[in-house]
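Undergrad: Structure for this input, please:
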Amino acid sequence: SRLARPGSSERASSTATMEAGAGLVAGSHNRNELVLIRGHEDHKPARALSGQVCEICGDEVGRTVDGDLFVACNECGFPVCRPCYEYERREGTQNCPQCKTRYKRLKGSPRVEGDEDEEDIDDLEHEFNIDDDKQLQQHGALQNSHITEAMLHGRMSYGRASEDGGEGNNTPMVGIPPIITGNRSMPVSGEFPMSAGYGHGDFSSSMHKRIHPYPMSEPGSAKWGDEKKEVSWKERMDDWKSKQGIYGAADPDDMDADVPLNDEARQPLSRKVSIASSKVNPYRMVIILRLFVLCVFLRYRILNPVPEAIPLWLTSIVCEIWFAVSWILDQFPKWYPIDRETYLDRLSLRYEREGEPSMLSPVDLFVSTVDPLKEPPLVTANTVLSILAVDYPVDKVSCYVSDDGASMLSFESLSETAEFARKWVPFCKKFNIEPRAPEFYFSRKVDYLKDKVQPTFVQERRAMKREYEEFKVRINALVSKAQKVPEEGWIMKDGTPWPGNNTRDHPGMIQVFLGHSGGLDTEGNELPRLVYVSREKRPGFQHHKKAGAMNALIRVSAVLTNAPFMLNLDCDHYINNSKAIRESMCFLMDPQVGRKVCYVQFPQRFDGIDAHDRYANRNTVFFDINMKGLDGIQGPVYVGTGCVFRRQALYGYNPPSGPKRPKMVTCDCCPCFGRKKRKGGKDGLPEGVADGGMDGDKEQMMSQMNFEKRFGQSAAFVTSTFMEEGGVPPSSSPAALLKEAIHVISCGYEDKTDWGLELGWIYGSITEDILTGFKMHCRGWRSIYCMPKLAAFKGSAPINLSDRLNQVLRWALGSVEIFFSRHSPLLYGYKGGNLKWLERFAYINTTIYPFTSLPLLAYCTLPAVCLLTGKFIMPPISTFASLFFISLFISIFATGILELRWSGVSIEEWWRNEQFWVIGGVSAHLFAVIQGLLKVLAGIDTNFTVTSKATGDEDDEFAELYAFKWTTLLIPPTTLLVINIIGVVAGISDAINNGYQSWGPLFGKLFFAFWVIVHLYPFLKGLMGRQNRTPTIVIIWSVLLASIFSLLWVRIDPFTVKAKGPDVKQCGINC
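TA: Next up, the predicted model:
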């Protein structure tokens, strides 16, 4: 490839081992070009590799437990690392790739079929396998001594985790507690140095699945010798036995001082808190009662038609049946609501021992943005700053910002953000402030001196606020400059044209602003990585909007850092709780519950919403009621932001299966006994990937082709997918790694692969979040809902009526697309049987709720029609029949009240949700159904507008709330309001004309009409705009009463002289 290095004054970029300060990397894999725009600084060479390099995976061969160079084959010495050696012995041909000699079992490796007994190798602890019942029976009591010896020698089990996702040979032995200890004295083959991917130091990020290693001191090392001097063999043996309960109560004086600490560290990191039975049991009883009453009500309605108004009656029956089905799909997934608690202190005790390197898992954080003029750069900058200042080890955090609009404004604002972060991050950590987004921290109307004891805090806070204001001015200057694009396009400081001048035809770009040894704050401390990424775009390629951008971030982060967990945030969602990542790790890193968790979803909380939440922007009912209910089944749905993913789950892997009882295996000829042999892949691997029984070069080539077809043609990326615990192997060629990073974000990389179909964010809908979570749940994964007391993330929401309706339109249109796709929850995911039925109900409800707009629109029109025609949808009812209606209304209110009781949601929030359900249902949802049908039937695609994130007028916090923006979405609810108000006036005037006997039937119709008007009241307030003094309700009642009194005046007509007898002139003699 072509590598040009023109001069530039820009700070620059790096990949993985490349350090910050190398330049903006722009390139196109398809066009075979790679351009590096460098600054004046000399690029620091990559760290030289020590030892040999594995000829299979390119990793360092490493050393054995005794410190010698690892040699897999004693015949030819072909360089192979331990993971590849063990993988070849376990899954491959068991032969050396060069000389074809069968691999012999080496010390520290588990036995496989065909090994001869080797009495001279004292490594029997690796033969212990909890899944092998036959082996347990054969060895019996002899294993206790081997386990004890393993504990005393403190050896680890090395090698790649078993491919079935289970613990395999790397599972801690029965009866041995996970012990937190120090680091190893030397790197061992099979472990990748953390400095290669996540930071500095000599500690390792191993590939095996066990999170808590056994004691790492090796016999013969200096550390082991010191330990032997302090504690004798007998004392260590007695101490271990006392911990295991082999002896009776141990003498307190002989107990290790760290035993209570270890006991606390071994406790679960989280627990499930069930809702009190006094709250949830009455709630369930009322649901059953309401279901029974609903069935009786519908039976009565169907068996009692209205002969003089059959069309109205039939329309109402169809609507009511649909509402009943919709209620069942929404209500029953809330049958098992739960809460959860996390224990951050136990997480620290287990993974952050004092004086030792942190063992917390690394996390890659993704921030996506498109148009900086609609998503203000200052908002994105605050999100990035809150990420860089998060309370997590800096060498474990990497922030990737996806600029899908290839905007130079986003690039330059991110450069300014990186510079300001050098001052902001140490200030946050020094004084432990919350939140760590400067815009929201300095605008908080609270006592900022609370709990602050440092004398210098006030002075430094004032200085930092001044620094931030200067930073805002610089960002605003960039935004002002970007309003007018030069004719020749944007030019960088060194005169180089900006590669993204054509937003639809530009190369991929990568730049690392912070990270590794190139990003230090003002106090000399390391900062987390900050990487700018803009994927390649070319005409004629399908880029799949946000979902495609997120998949590009998955791949580029896998090549550069490859953290096992990923957190994605919208550009307007900042980290409000600096311990949010730790909260999620309490679930994902828990050895008991974390293995099958695909993601941890946090609720969305918002700033800048009016006190009464006129348009239900907070969506509290969904996040505090529905999501809690789903957490008790198989987990919450993915809502697009504020979610921490397990990378392996996004790769399409199945969850690990626990140890199961062996079952009979039989052939296809006798289906009556046993079970058939599995034709799919192994547990924990995607279908079609882990086909066993392959031997020879041809089978290996076919296996490689399967992986390339699934993940794409990038050896570096495919290799990273096997590293379940993350980590980037050291590369002998940083330039090659750089080229791979550009390659995986090229526009043609996903062609003929499973990206967007089975891997990553799923394509096929503009609401890719629902599809992505649905696919994971169908594979058998479960998700977790985490609601810390201090909201983890906060964002902005559109408070303007038109913007809010456009946002809801986008969500509903995505649901309609899913309903008509091959991933429809009505039809998809039955084969494996992994999706629970109540979870399926919830997913079905998320795809069919827009269709409720059709019966809802008809039902809201019926009152006006009844009032104008004098007919009604129900016949005259008896006293007994009226009990059905009363019972139904009582059960509806009881269900809502009991829901509020166990969830803590206020009645005002519940009522706002009910109102906006009607407003959105007759406007945005209706248009979503129409647009969805046009797209499916006629192929007419519709584009959605990015919701504005700006706050509007600076002089008024809620100026945007009162702004009127016309859109066609306003037509249906406005029409319903007008015709219902006219119907009320007409109905009352008719009752006045016909006398008191007509008032009885009128009350039912008026109640029906007022139900519609009350639900549309917030919409009417939005139409009225800002009222200086006169409340909107006064205007409504004034118009209504004025109309009624006008009709009364016409009816009474007091100025007309009444005739006392027959008027002969008018009616004649026969009057």
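
Undergrad: Would you map the helices across the stretch 751-900 of the chain?
TA: 768-778, 801-819, 837-848, 853-869, 879-903 (DSSP state H, counting those that start in this stretch).

Undergrad: hmm, I was thinking of the stretch 451-600 of the chain
TA: In the stretch 451-600 of the chain, helices defined by DSSP H, counting those that start in this stretch lie at 457-481, 545-560, 580-588, listed in chain order.

Undergrad: how about TSV for the helices of the stretch 751-900 of the chain, with mean neighbour count added?
TA: Quick note: C-beta positions are derived from backbone N, CA and C, even for glycine. Shown next, in TSV, are the helices of the stretch 751-900 of the chain (neighbours: other Cβ atoms under 10 Å):
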stretch	mean neighbour count
helix 768-778	25
helix 801-819	23
helix 837-848	21
helix 853-869	21
helix 879-903	15
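
Undergrad: closest to Gly760 out of those helices?
TA: With Cβ to Cβ as the measure, helix 768-778 is the member of the helices of the stretch 751-900 of the chain nearest Gly760 (7.7 Å).

Undergrad: That closest one to helix 837-848, inter-axis angle?
TA: 160 degrees (axes from the mean of the first three to the mean of the last three Cα atoms, to 10 degrees).

Undergrad: So for helix 768-778, mean pLDDT?
TA: On average, the pLDDT along helix 768-778 is 92.

Undergrad: Which strands and helices lie in contact with it?
TA: Helices and strands touching helix 768-778, by 3 or more Cβ pairs under 8 Å, 6 or more residues apart in numbering; DSSP states H and E, are helix 545-560, strand 597-601, strand 782-785, helix 801-819, helix 837-848.

Undergrad: now with 7 Å?
TA: helix 801-819, helix 837-848 (3 or more Cβ pairs under 7 Å, 6 or more residues apart in numbering; DSSP states H and E).

Undergrad: what pLDDT, on average, does the biggest helix by length in the chain get?
TA: For the chain, the helix with the greatest residue count under DSSP state H is helix 277-303. What helix 277-303 shows for mean pLDDT is 93.

Undergrad: cool, and stretch 1002-1020?
TA: 87.

Undergrad: go on, stretch 409-421?
TA: Averaged across stretch 409-421, the pLDDT comes to 92.

Undergrad: Pull the residues that contact that stretch.
TA: Residues outside stretch 409-421 that contact it (Cβ atoms under 7 Å, 6 or more residues apart in numbering): 11, 369, 372, 377, 381, 384-385, 388, 401, 403, 471, 474-475, 478-479, 482, 513-514, 527, 530, 532.

Undergrad: Can you tell me how far the closest residue to Cys73 other than its chain neighbours is from Ala72?
TA: Excluding the flanking residues, the one nearest Cys73 by Cβ to Cβ, 6 or more residues apart in numbering is Cys96, at 4.1 Å. Distance, Cys96 to Ala72, by Cβ to Cβ, to the nearest Å: 7 Å.

Undergrad: the domain parsing of this structure - what is it?
TA: 51-110, 344-656+755-797 (the TED database).

Undergrad: ok, and which of those has the densest surroundings?
TA: Mean neighbour count (mean count of other Cβ atoms under 10 Å) peaks for domain 344-656+755-797 among the domains of the chain, with a mean of 20.

Undergrad: What's the end-to-end length of that one?
TA: Taking Cα to Cα, to the nearest Å, domain 344-656+755-797 runs 30 Å from one end to the other.

Undergrad: and Asn501, what does it touch?
TA: Asn501 makes contact with 489-490, according to Cβ under 7 Å, 6+ apart.

Undergrad: Over to Leu588?
TA: Contacts of Leu588 (Cβ under 7 Å, 6+ apart): 565, 594, 597, 600, 644, 646.

Undergrad: pLDDT check: weakest of the residues you listed?
TA: Scanning the contacts of Leu588 for pLDDT, the low point is Gly594. It has 87.

Undergrad: Surely Gly727 is in contact with Asn562?
TA: Yes: under the criterion of Cβ atoms under 7 Å, Gly727 makes contact with Asn562 at 6.0 Å.

Undergrad: Gly1022: which of the helices of the stretch 751-900 of the chain is closest?
TA: helix 801-819 (3.6 Å).

Undergrad: CA atoms only: put the closest one into PDB for me.
TA: The C-alpha trace of helix 801-819 is given here as PDB (Å, rounded to 0.1, in the frame of the first residue of the first chain):
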ATOM      1  CA  LEU A 801     -44.600  18.900  20.500                       C
ATOM      2  CA  SER A 802     -43.600  18.500  16.900                       C
ATOM      3  CA  ASP A 803     -40.100  17.200  17.700                       C
ATOM      4  CA  ARG A 804     -41.500  14.700  20.200                       C
ATOM      5  CA  LEU A 805     -44.000  13.400  17.700                       C
ATOM      6  CA  ASN A 806     -41.300  13.000  15.100                       C
ATOM      7  CA  GLN A 807     -39.200  11.000  17.500                       C
ATOM      8  CA  VAL A 808     -42.100   8.700  18.400                       C
ATOM      9  CA  LEU A 809     -42.800   8.400  14.600                       C
ATOM     10  CA  ARG A 810     -39.300   7.100  14.100                       C
ATOM     11  CA  TRP A 811     -39.600   4.500  16.900                       C
ATOM     12  CA  ALA A 812     -43.000   3.300  15.700                       C
ATOM     13  CA  LEU A 813     -41.800   3.100  12.100                       C
ATOM     14  CA  GLY A 814     -39.000   0.800  13.200                       C
ATOM     15  CA  SER A 815     -41.400  -1.400  15.000                       C
ATOM     16  CA  VAL A 816     -43.600  -1.700  11.900                       C
ATOM     17  CA  GLU A 817     -40.500  -2.700   9.900                       C
ATOM     18  CA  ILE A 818     -39.600  -5.400  12.400                       C
ATOM     19  CA  PHE A 819     -43.200  -6.700  12.300                       C
END
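
Undergrad: residues making contact with it?
TA: By Cβ under 7 Å, 6+ apart, the list of residues contacting helix 801-819 reads 615, 617, 764-767, 770-771, 798, 824, 846-850, 920, 923-925, 927-929, 931-932, 944-945, 947-948, 965, 967, 969, 1022.

Undergrad: which element is Val25 on?
TA: Using DSSP states H and E, Val25 sits in strand 24-28.

Undergrad: Give me the below-cutoff pLDDT ranges for the stretch 601-750 of the chain.
TA: 658-705, 730-735 (pLDDT under 70).

Undergrad: Show me the helices in it, by range?
TA: Under DSSP H, counting those that start in this stretch, the stretch 601-750 of the chain gives helices at 620-621, 627-631, 647-650, 696-711, 715-720, 734-744.

Undergrad: Quick one: closest of these to Glu536.
TA: Checked against Cβ to Cβ, the stretch from the helices of the stretch 601-750 of the chain lying closest is helix 734-744, at 8.0 Å.

Undergrad: tell me what the closest one is packed against?
TA: Against helix 734-744 (3+ Cβ pairs under 7 Å, 6+ apart) you get strand 24-28, strand 508-514, helix 545-560, helix 715-720.

Undergrad: want to try JSON lines for those, with distance to Ala309 as columns?
TA: Below are the helices and strands packed on helix 734-744 laid out as JSON lines (distance: least, Cβ to Cβ, whole Å):
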{"stretch": "strand 24-28", "distance to Ala309": "68"}
{"stretch": "strand 508-514", "distance to Ala309": "65"}
{"stretch": "helix 545-560", "distance to Ala309": "48"}
{"stretch": "helix 715-720", "distance to Ala309": "66"}
